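Engineer: got a predicted structure here, sequence first:
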Amino acid sequence: MDAAPAPTSTSRGPAALILLARLDSRRLPGKGLMDLGGRPVLGRAIDRLRRCRTVASLIVATSDRPVDDALEAFAEAEGVGCFRGDAADVAGRCLAAMQAAGLDWFVRICGDSPFADPAIVDAVADAFLADPALDLATNVFPRGYPIGASAEAASRDAMARICAETDDLAYREHVTAWAYAHPETYAIRNLHPGHDRFAELSIAVDTADDLARARRALAALPDPTTAPLDEIVAAYATE
């Protein structure tokens, strides 16, 4: 793991935002470093997440394969941490990143989310901090926010349990899927917007069409770094 700013200190102990990224996406290879209005897709996510107030430290967690060397170089240039681990075992990669950085908990963000909302990330992190009994706080169980605005906070103990309880990559490549499949044994709090306006909406970049839509939406925003979710959703609706 490269040198990075110290983890954020909280009542639950050290924490960081972990952005998961890899460059060999089947649908859009190299998407994390593709241009989105003058910044790479991953850079747009970093720009917005730097505005988080509850957890400020950032770590890019990518694979240990040569194909992802460019992501490590980009993280270094951005002044954020980088951890490299198993490509397929993403839960294991997250746990290893936490252990390497000395984190007691983390917030998981997908690196293909250039419009990640710091207010939503803060709300998930604050919910996690508010209840010491929680294993996870999330906004995807069930999903109420758009794909591309997801956030999950989890303790290191919860991640260790997940990795100890299953070695099935169908679960471990999705990080927290095992906990969601066994909610009776994990303490989970879900945050929901309380409406269905975001149902079926994606603001992530997973395909070439997604990237084209993101470029049009970004061009319609006065300030893509500070735009709130409602403004981003409106830009997508009109693009």
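Structural biologist: Structure received. Residues are numbered from 1 along each chain as shown.
Engineer: alpha carbons of stretch 27-47, as CSV, please.
Structural biologist: C-alpha atoms of stretch 27-47 as CSV (Å, rounded to 0.1, in the frame of the first residue of the first chain):
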residue,chain,number,x,y,z
ARG,A,27,-18.3,-4.0,-20.7
LEU,A,28,-16.0,-1.0,-20.8
PRO,A,29,-12.3,-1.9,-20.4
GLY,A,30,-10.3,1.0,-18.9
LYS,A,31,-13.4,2.9,-17.8
GLY,A,32,-11.9,4.2,-14.6
LEU,A,33,-9.3,6.3,-16.4
MET,A,34,-11.5,7.4,-19.4
ASP,A,35,-12.1,11.1,-19.9
LEU,A,36,-15.2,12.6,-18.3
GLY,A,37,-15.2,16.4,-19.0
GLY,A,38,-11.4,16.8,-18.5
ARG,A,39,-11.0,14.4,-15.6
PRO,A,40,-10.9,10.6,-15.5
VAL,A,41,-14.1,8.9,-14.3
LEU,A,42,-12.3,7.8,-11.1
GLY,A,43,-10.9,11.4,-10.7
ARG,A,44,-14.5,12.7,-10.8
ALA,A,45,-15.4,10.4,-7.9
ILE,A,46,-12.4,11.4,-5.9
ASP,A,47,-13.1,15.1,-6.5
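Engineer: next, the buried residues of that stretch.
Structural biologist: Neighbour-count burial for stretch 27-47, counted by 16 or more other Cβ atoms under 10 Å, picks out 28, 31-34, 36, 39-47. (Glycine included, C-beta is placed from N, CA and C.)
Engineer: what of stretch 82-89?
Structural biologist: The neighbour-count check on stretch 82-89 (16+ other Cβ under 10 Å) flags C82, F83, R84, G85, D86, A87, D89 as buried.
Engineer: element containing the second one, please.
Structural biologist: Under the criterion DSSP states H and E, the helix or strand holding F83 is strand 81-85.
Engineer: what is that strand packed up against?
Structural biologist: strand 58-63, helix 69-78, helix 90-101 (3 or more Cβ pairs under 8 Å, 6 or more residues apart in numbering; DSSP states H and E).
Engineer: Throw the ones you listed into TSV and include mean neighbour count, thanks.
Structural biologist: Shown next, in TSV, are the helices and strands packed on strand 81-85 (neighbours: other Cβ atoms under 10 Å):
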stretch	mean neighbour count
strand 58-63	26
helix 69-78	17
helix 90-101	22
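Engineer: kindly reformat those as a markdown table containing mean pLDDT.
Structural biologist: Putting the helices and strands packed on strand 81-85 into a markdown table (pLDDT from 0 to 100) gives the following:
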| stretch | mean pLDDT |
| --- | --- |
| strand 58-63 | 98 |
| helix 69-78 | 98 |
| helix 90-101 | 98 |
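Engineer: indicate which one of those is closest to A208.
Structural biologist: helix 69-78 (19.3 Å; Cβ to Cβ).
Engineer: name whatever forms a beta bridge with the most centrally placed residue in the chain.
Structural biologist: Per Cα atoms, centre = their mean, the C-alpha nearest to the average position across the chain is that of I109, at 0.3 Å. For I109, the beta-bridge partners are L19 (DSSP bridges).
Engineer: mind checking how far it is from A212?
Structural biologist: 23 Å (Cβ to Cβ, to the nearest Å).
Engineer: host element of the nearest residue to A153 once chain neighbours are set aside?
Structural biologist: Sequence neighbours aside, F128 is the residue nearest to A153 in space, at 3.8 Å (criterion: Cβ to Cβ, 6 or more residues apart in numbering). Assigned by DSSP H and E, F128 belongs to helix 118-130.
Engineer: tell me where this protein has strands.
Structural biologist: Residue ranges of the strands in the chain, as given by DSSP state E, are 8-10, 13-20, 35-36, 39-40, 58-63, 81-85, 105-110, 136-138, 152-155, 188-190.
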